[in-house]
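>>> From the sequence below, what's the structure:
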Amino acid sequence: QVEGREIPKGGSLAGERSPASAASRSHWRTCQRPTGAGGLKETRPCLTSLAQALRHQAVQKRLQALWDTGARVSASQMPLVLRAAARLPELRERMVLRQSAMQHWGELDPAAAFAYVARLPESQFKTNLLRAIAMDFVKKAPPEAAAAAAKLPPSRSRNAVISAIARGWAASNARAAWEWVDQLPDSEEKREATDGVLFVWAHNDPAFASAAVAAHQPGRKKDSMIGDVAFYWAERDLPAAIQWARHLPAGEERDAAFGSLAESWANRHPRAAAAFVLTLPPSPGREQAAARVAWSWAKQHPRAAANWAWQSRDQGIRAQAIQKVMEVWAPVEPRAAAAWLASLPAGPARDQAIRDFASQAAPWTPPLAARTAMLIADPSLRANTLRQCLSSWVEVDAPAARQWLRQAPLPPAQKSQLRSADSPS
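Numbering: from 1, shown residues only. Here you go, the predicted model:
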């Protein structure tokens with residue numbers, strides 16, 4: 001990235017095509033003064049590559065060539081290339097060459113690259129670059145990377161680096177990363193680093209991470225971490241995960257655990273997970289868990305998931321689960337989903353299910369969504385659903401949408417309302 005923007009093949013900072021800057025070549029010639037034991041022999045390939053890059057008339061090709069040059073620089077050539085980059089007149093040329101070279105330096109010698117970038121003035125460029133180098137640094141020498149990060153002065157770049165090192169270290173040794181984060185002064189950077197370690201830890205060792213999560217301050221972040229622990233623990237040891245979840249405090253924390261646990265279970269055994277959800281005491285948490293089971297099940301067998309949801313005696317479970325099934329099924333297999341809906345007995349529950357279908361299918365197949373919406377018995381809900389379908393339809397084929405509306409068996413007043421709602425302002 002350059003100032004937070006990724007450079008794809010060819011360079012995204014190119015803008016319009018323009019001739020290569022004569023000033024770029026002039027400035028580059030002032031940098032061709034290699035010193036040291038290697039002399040000109042050592043630096044000639046690098047000089048040649050840079051000179052060739054600056055000859056490109058097309059901006060995108062020039063930037064891509066500069067990026068490629070920076071990515072091939074040896075550690076010994078790095079000072080030369082960075083001096084050259086600083087003297088290039090165009091910002092985009094300077095940014096591309098500096099970022100490419102310094103990221104590559106981070107791969108070759110992360111300690112040296114980190115120390116160099118740490119001395120740069122604070123900027124978004126420095127923060128993004130330091131974060132990237134820190135990830136290479138922590139892979140090779142976690143304690144040294146942590147020590148280097150701790151020496152940074154308070155700043156956005158320090159916060160970003162501390163968080164990156166915490167996550168990177170946790171990937172290889174979560175307990176060591178936790179001990180390091182735990183000794184940091186109490187601050188926002190410590191809280192972000194703690195969250196990062198726990199996120200990775202929940203994936204790698206959810207049973208052990210559960211104890212650390214328990215000590216976290218109550219709130220949405222804790223609920224989210226409990227969900228992560230439950231999801232990955234259920235993959236490894238389902239009975240233990242269920243036992244742990246049952247002992248959590250009733251309310252948001254237990255709901256988060258059972259919802260994630262049930263979704264994880266449904267990835268492998270959706271019927272068993274669905275049966276388990278129905279054993280939970282009636283509550284909004286149970287409805288949410290059922291919806292997550294239905295969502296996971298729908299990605300495997302949507303018709304079976306839809307049938308299970310429809311047959312539920314709990315109206316809350318039925319409504320939320322069918323909505324989740326339609327999120328998956330309607331955009332991908334709209335004809336099959338519409339046929340299933342048409343087979344249901346008429347009533348408020350089917351009306352809402354059709355509404356859920358139409359909201360997902362209309363952007364992709366508005367004619368089918370509109371025809372299916374005509375099955376809704378409730379006049380107000382049918383009108384609102386048709387309005388959404390026609391709005392999507394007009395965007396892709398306005399004449400067909402208006403022709404359908406003229407022929408639709410609707411009261412003239414409703415047709416007029418729908419026609420005016422979809423007319424351009």
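>>> going forward, measure contacts and count neighbours with C-alpha atoms only.
Noted.
>>> Could I get the full set of helices for the stretch 301-425 of the chain?
Remark: helices assigned in the stretch 301-425 of the chain by DSSP state H, counting those that start in this stretch are 302-311, 315-332, 334-342, 348-361, 366-373, 379-407, 412-421.
>>> Tell me which of those helices lies nearest to R55.
Among these, the nearest to R55 by CA to CA is helix 379-407 (45.7 Å).
>>> picking up where we left off before, include mean pLDDT and distance to A294 when you put the helices of the stretch 301-425 of the chain into JSON lines, please.
Converted to JSON lines, the helices of the stretch 301-425 of the chain look like this (pLDDT from 0 to 100; distance: least, CA to CA, whole Å):
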{"stretch": "helix 302-311", "mean pLDDT": "98", "distance to A294": "6"}
{"stretch": "helix 315-332", "mean pLDDT": "97", "distance to A294": "5"}
{"stretch": "helix 334-342", "mean pLDDT": "98", "distance to A294": "15"}
{"stretch": "helix 348-361", "mean pLDDT": "97", "distance to A294": "14"}
{"stretch": "helix 366-373", "mean pLDDT": "97", "distance to A294": "22"}
{"stretch": "helix 379-407", "mean pLDDT": "94", "distance to A294": "23"}
{"stretch": "helix 412-421", "mean pLDDT": "82", "distance to A294": "34"}
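>>> looking at those helices, which is closest to R246?
In terms of CA to CA, the element of those nearest to R246 is helix 315-332, at 20.7 Å.
>>> Check which helices and strands that closest one is in contact with.
helix 284-298, helix 302-311, helix 334-342, helix 348-361 (3 or more CA pairs under 8 Å, 6 or more residues apart in numbering; DSSP states H and E).
>>> in the second one, what counts as buried?
When you say that, I think you mean helix 302-311. P302, R303, A304, A305, A306, W308, A309, W310 (16 or more other CA atoms under 10 Å).
>>> what do you get for the longest one?
Applying a neighbour-count criterion of 16+ other CA under 10 Å, one finds 285-298 buried in helix 284-298.
>>> okay, the helices and strands packed on helix 315-332 in JSON lines with distance to K415 next?
Formatted as JSON lines, the helices and strands packed on helix 315-332 follow (distance: least, CA to CA, whole Å):
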{"stretch": "helix 284-298", "distance to K415": "35"}
{"stretch": "helix 302-311", "distance to K415": "32"}
{"stretch": "helix 334-342", "distance to K415": "23"}
{"stretch": "helix 348-361", "distance to K415": "19"}
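>>> Could you point out which of those helices sits nearest V73?
Short answer: helix 284-298, nearest of the helices and strands packed on helix 315-332 by CA to CA, at 47.6 Å.
>>> can you give me how far that closest one is from the chain middle?
22 Å (CA atoms, centre = their mean, to the nearest Å).
>>> what does that helix contact?
Residues from elsewhere that reach helix 284-298, judged by CA atoms under 8 Å, 6 or more residues apart in numbering: 251-252, 255-256, 258-260, 262-263, 266-267, 270, 273-274, 277-278, 280, 304-306, 309, 316-317, 320-325, 327-329.
>>> do the same with stretch 244-256
So stretch 244-256 is contacted by K222, D223, S224, I226, G227, A230, A257, F258, G285, R286, A289 (CA under 8 Å, 6+ apart).
>>> And the furthest pair within those residues?
Taking CA to CA as the measure, the contacts of stretch 244-256 span a maximum distance of 19.2 Å, between K222 and R286.
>>> Among the contacts of stretch 244-256, name the ones in helices.
K222, D223, S224, I226, G227, A230, A257, F258, G285, R286, A289 (DSSP state H).
>>> Tell me the one of those nearest E93?
S224 (42.3 Å).
>>> Model confidence score at the closest one, please.
Listed pLDDT for S224 reads 87.
>>> where along the stretch 101-250 of the chain do the strands fall?
Assigned by DSSP state E, counting those that start in this stretch, the stretch 101-250 of the chain shows no strands.
>>> Low-confidence regions, it specifically.
Scanning the stretch 101-250 of the chain for pLDDT under 70 picks out nothing.
>>> For stretch 331-344, which outside residues touch it?
Looking at stretch 331-344 with CA under 8 Å, 6+ apart, the contacting residues turn out to be 303, 326, 329-330, 350, 353-354, 357, 360-361, 364-365, 368, 372, 375.
>>> ok, which pair from those is furthest apart?
Going by CA to CA, the pair spanning the contacts of stretch 331-344 furthest: R350 and W364, at 21.4 Å.
>>> higher neighbour count, those two?
More neighbours surround R350 than the other of R350 and W364, with 21 against 17 (other CA atoms under 10 Å).
>>> Please name the residues that touch the more buried one.
L341, L344, I376.
>>> So which of those is the closest to W169?
For the contacts of R350, the nearest to W169 is L341 (50.3 Å; CA to CA).
>>> Check the spacing between that closest one and W297 real quick.
Separation of L341 from W297 (CA to CA, to the nearest Å) stands at 18 Å.
>>> Contacts for stretch 384-399 next, please.
Here stretch 384-399 makes contact (CA under 8 Å, 6+ apart) with 355, 358-359, 362-363, 365-367, 369-370, 373-374, 400-402, 418, 421-422.
>>> Understood, closing this out.
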